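Novice: Based on what follows, work out the 3D shape:
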Amino acid sequence: MDEHIWIEIPKKHKKMHSPYLHLELFPKKEGTEVAGLFGPDPSLWTMFMFLHFFLALVFIILGIWGYSSWSLGKEYLPQFLIMGVIGLIWVGLYFFARYNRNKGKAQAKELERIMNQLLN
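Specialist: Numbering: from 1, shown residues only. Take a look at the predicted model:
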């Protein structure tokens, strides 16, 4: 599509951690410059980001609710405990993402090999 090329793992070998490679071509006077970016599957990345935004929204709402309860002298411990659980979930999501990125390194090397074949 225009100056963009997307290279993906075939569907039969594709897993949740499978990367894709986006190449962008920049025409120059003396040839073409190529920039590449490895990334997760766009639908997985979108779901992951919506999950983060949802957790952030709940975290902020619980923070406001907990602070209001605390300032009014009402029970506030459940809100702050749930905020702590959300913090642990965020840490878990971070390590989950790192783990999946490491699992996809072999396929990323394969995509790089394919890219080098296309460019040569």
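Novice: per-residue pLDDT, Leu118?
Specialist: On the pLDDT scale, Leu118 is placed at 83.
Novice: how much space between Tyr67 and Leu57?
Specialist: Tyr67 sits 16 Å away from Leu57, going by CB to CB, to the nearest Å. (Glycine included, C-beta is placed from N, CA and C.)
Novice: Do me a favour and average the pLDDT over the helix or strand that contains Gly63.
Specialist: In this assignment (DSSP states H and E), Gly63 forms part of helix 42-71. The average pLDDT within helix 42-71 is 94.
Novice: neighbour count winner among Tyr67 and Leu57?
Specialist: Neighbours around Tyr67 and Leu57, counted as other CB atoms under 10 Å, are more numerous at Tyr67. The numbers are 13 against 10.
Novice: show me where this structure has helices.
Specialist: With DSSP state H, the ranges of helices along the chain come out as 42-71, 77-103, 105-119.
Novice: Could you check stretch 109-120 and say which residues are buried?
Specialist: Using 16 or more other CB atoms under 10 Å as the test for burial, stretch 109-120 gives 110-111, 115.
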